[in-house]
Every structure is written in structure tokens, then in C-alpha cells.
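1. One predicted model, sequence on top.
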Amino acid sequence: MNFVATIPLTPEGPVNDRLDFTADLAPYHQPVLTNEVSQALIVRPGGKYIDCTAGEGGHTQIILEECIPGGHVLAIDADPKALEVARCRLRSHQSHFTPVQDSYAYLEEIAYSHNFNKADGILIDLGLSSFQLEASGRGFSFQRNEQLDMRFDPSTPVTAAQIVNNSRQDELARLLKDFGEERHARTIARAIVHGRPITTSAQLGELVKRTVGPSKKGRHPATRTFQALRIAVNSELENLKQGLQQAVRLLKPGGRLVIISYHSLEDRLVKTAFQQEARGCICPIEVPQCACGHSPTLRVITRHIVTPSEKERMENPRSRSARMRVAERLYKEDH
Ligand code: SAH
């Protein structure tokens, strides 16, 4: 992974102000599609923006610099450590920035309790940060030998190790299929059950590799298994559904919703939600007369996904799977 940053990312103040747990991680997580996000959100001075997945604050910083003077960013992240990095890094902007450790699945509640009744723009950058992958010690990567935890928020009740070691074989197979779209779900589930207990990320990565052999596409064969476990541990798809609905309601007319996803399960959810919100009647096709009374709330800005340029992909391999979709909240009279 390439950590070279394109924007000034060093924290103001002495270097030893950085937190202990990120001391070996320099510089910060490199935010993806920065120009595209900035253009899509149409950030303006004095505006109010919500970064639902602030991580280490890369996108937050960009939004902050464009909304000052007068603007404000509500920066949410489930991971208290990542958010602490963002808070330290952005302390020179502290009067324009409110960090909140919580899940964006509770977006409306969080926003209302911080005087954000409406927002000019909302960003959800899914996936995980370089800090989480490389330095959190939570077993997100099969390339590291760490405890299989995978929780963004340490108060989440179930770890990846508990799922791997306590689930029935058929439950594991379903999870790998539903959340990883893993072709070898049943074979891997059987191998996991026979290989238990499995406690570390490297152990699980090796077991999957031994079971299904090297992947033809050059990706590690455990990529989908790790994705599935991460989604399950953090209820990622459910959170996205909840967050999307609330984001639409929170936007001011003309406000933009920008979502960056990293795999097809997430992207499909975003695409479907946007299409649904852009439609008038959403009654089932067999209903002869509209009974839903639904009117469109969004205009889809990106007919197709926006992906990183070749240059960005080369400089930041993590950006390779990123795909952005953008929608705009409609004015009442547009309905
Ligand atoms: N845009 C960020 C990086 C985001 S990485 C930057 O530029 O630094 C994705 C982040 O989403 C991670 O920090 C992860 O903890 C957070 N996350 C995942 N699910 C979440 C949820 N339900 N609520 C809030 N944050 C979440």
C-alpha cells in the first residue's frame, strides 16, 4: 500500500503530538477521489456538511478547508481511535468541526443532537482506513498475524473470532456467500469448521489459501472471506441502508449526497436506493392504482459510477476498487 499523500497531511505542531498507536503509520490514510468528492459536494463557505465515516479525517480536512469561513463539519466515525487521529490532526479547525464517535446508522439522532437539523452535503466513504488495516492490530488483513477481531467500534458485541469459532458450518457458508459473494463458500466453511479454533488473521488467511488454492485474478484467495466477516461483525450493509435513508431526509433541497463504495454489494445497495428515491410511485407493478403516495426525493447526478483515474490507481492502490455515486436532494416543487 502506498501512503504517499497528495495534500498537506502533516499535523500542525510537534510530531510527537501524534498518538502512540499511529506512531508507526506515517503519513495518514490517503483519501480517495478527493477532487471528485469536492466537486460533487459543491462545498461552499458557510455550509454545513456531514462526513459519516471521517476515519483519519482526510476528506473532512478537504471539506473543512472549503467551507470556512462560517461553515461546519460534523465528523462521525464508529472507531474511537481513528476519530482521535482526526481530532488531533484537525485541531486547528476545531471551532468548525465536531467529531462524534458513533455509527452513522443513527445519523438523524446524531445530527439533531448536534444542532445539525439540515445539511448542505453528506459524504459516506465506506471500506476501512489504512490505519485499521495496517496498524490497528484488529486482524483486518490476512497479511498480518493479529487477533481476529475486525470491530470498528470496540463495543460491538461479536468479534470475527467468535463468528469463525462458534457458528455452524451452514451459517458460515451462508455468511461467506451473502457477504463475500464467495464461490467456494461451502468448501471454505467446511475447512474452517475442521480447522478450529482459529484465532489469528494469518491463520485464517493461510487456511483459506490451502483450501481453495491461489486465486486466478491475482487477489489473495481469502479476500472475500475477510470481506464477509468484516461486513457481518460490523453490520455494514444494514448500517448503510439505515444511513442512506436518513441522509436523504437530512439534506437541504439542492444538497448533495456522495457515497464511495468498494465492492458490488455496497454499490448495488446505493444504486438501488438512489433509483428508488428518484422515482415517483414505488408501488409493486401489479398494483393497478398508486397507493404509496411516494414522490421523488433525489435526482441522480452520476448516471454511471465515478472511478479513480489511472494516475490515482497507480499512486494509491487502495483506490482501485472505489466507485462513487452522487445524488441531489430535490426541491419540493421539483417533485
Ligand atoms: N474518508 C476517511 C477514510 C474512511 S475509511 C479519510 O479520508 O480518512 C472508512 C471509515 O468508516 C473507517 O474509519 C470506519 O471506522 C468507518 N465506519 C465504518 N462503518 C461505520 C459506521 N457504521 N458508522 C461510522 N463509521 C463507520
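-> Yep, it's here.

2. With adjacent residues omitted, what lies nearest to the closest residue to the ligand within the stretch 201-335 of the chain?
-> The ligand sits closest to Asn239 of the stretch 201-335 of the chain, with a gap of 3.9 Å, by C-beta to the nearest ligand atom. The way it works is simple: take the backbone N, C-alpha and C, and place the C-beta from them, glycine included. Spatial nearest neighbour of Asn239, chain neighbours left out: Ala105 (4.1 Å); criterion: C-beta to C-beta, 6 or more residues apart in numbering.

3. CA atoms only for the host helix or strand of the residue of the stretch 201-335 of the chain closest to the ligand, dumped as CSV, please.
-> Per DSSP states H and E: Asn239 is located in helix 236-250. Extracted in CSV, the C-alpha atoms of helix 236-250 (Å, rounded to 0.1, in the frame of the first residue of the first chain):
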residue,chain,number,x,y,z
GLU,A,236,-22.2,-2.9,7.4
LEU,A,237,-25.0,-3.5,4.9
GLU,A,238,-27.7,-2.9,7.4
ASN,A,239,-25.9,0.3,8.6
LEU,A,240,-25.6,1.5,5.0
LYS,A,241,-29.4,1.0,4.4
GLN,A,242,-30.3,2.9,7.6
GLY,A,243,-27.7,5.7,6.9
LEU,A,244,-28.8,6.2,3.3
GLN,A,245,-32.5,6.7,4.3
GLN,A,246,-31.6,9.2,7.0
ALA,A,247,-29.1,11.1,4.9
VAL,A,248,-31.8,11.8,2.3
ARG,A,249,-34.1,13.2,4.9
LEU,A,250,-31.4,15.3,6.4
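
4. mean confidence score for it?
-> Averaged over helix 236-250, pLDDT sits at 98.

5. Downstream of it, the next helix or strand is which one?
-> Proceeding N to C from helix 236-250, the next assigned helix or strand is strand 251-261, under DSSP H and E.

6. how distant is stretch 270-284 from the center of its chain?
-> Relative to its chain's centre, stretch 270-284 lies at 22 Å (C-alpha atoms, centre = their mean, to the nearest Å).

7. first vs last residue of it, how far apart are they?
-> 20 Å (C-alpha to C-alpha, to the nearest Å).

8. what mean pLDDT does that stretch have?
-> 92.

9. Could you find the closest non-adjacent residue to Lys118?
-> Among residues not flanking Lys118 along the chain, Lys252 sits closest, at 4.6 Å (C-beta to C-beta, 6+ apart).
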